[in-house]
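*Asks:* quick one, structure for this:
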Amino acid sequence: MVKTMKKSVGLLMLALVLMLAMAASAFANPYNSYNYYFEYNDAYHAHSSGYIAADATVSGGNVTLTLSGNYFPQVEVDGQLYSGVYHAASDTTTLTFPGNSSAPIELYLNVVAGPHNTWYKLNLVWG
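*Replies:* So this is what the prediction gives:
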């Protein structure tokens with residue numbers, strides 16, 4: 001009887017672990033594996049989000065984004081311009097601006113890439 005009970009408890013524990021794993025994935029970002037994504041015109045924007053190269057970091061009242069490529073020289077947040085820093089070794093650009101992860105952030109991203117040379121109004125959505 002003790003052997004049967006140990007087996008039952010073991011199966012119950014395994015079932016609980018699987019249920020917790022599935023529940024955690026239900027709250028994960030549905031669009032990419034990072035902790036944020038971009039919306040354009042209030043809808044998920046795969047093209048813009050495709051440039052996300054790392055999770056955003058929030059520290060000291062600032063948000064830092066890492067995007068792929070050398071296409072993002074500036075971002076505007078709350079009417080203020082912030083310059084991007086390109087890192088040739090990793091082919092990424094980091095952008096740092098004031099903010100936190102408690103709500104979406106409206107920003108204007110300056111894109112310099114062929115026919116896309118313009119400012120795009122995006123929402124950074126935490127996910």
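
*Asks:* every contact and neighbour count from this point should use C-alpha atoms.
*Replies:* Will do.

*Asks:* how's this protein carved up into domains?
*Replies:* The record's domain parsing of the chain by automatic domain parsing lists 1-30, 31-126.

*Asks:* in a strand, His47, correct?
*Replies:* No: using DSSP: H, G, I helix; E, B strand; the rest coil, the assignment for His47 is helix, not a strand.

*Asks:* helix/strand/coil for Pro115?
*Replies:* helix.

*Asks:* dump the domains of the chain to JSON lines, plus mean pLDDT and mean neighbour count.
*Replies:* Below are the domains of the chain laid out as JSON lines (pLDDT from 0 to 100; neighbours: other Cα atoms under 10 Å):
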{"stretch": "domain 1-30", "mean pLDDT": "48", "mean neighbour count": "11"}
{"stretch": "domain 31-126", "mean pLDDT": "95", "mean neighbour count": "16"}
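
*Asks:* look up how far Trp126 lies from the residue nearest in space to the middle of the chain.
*Replies:* For the chain, Tyr36 is the residue whose C-alpha lies nearest the centre (Cα atoms, centre = their mean; 2.2 Å). With the distance defined as Cα to Cα, to the nearest Å, Tyr36 ends up 4 Å from Trp126.

*Asks:* sorry, back to before: is it correct that the residue nearest to the centre of the chain is in contact with Ala56?
*Replies:* Yes: with contact defined as Cα atoms under 8 Å, Tyr36 counts as touching Ala56 (7.0 Å).
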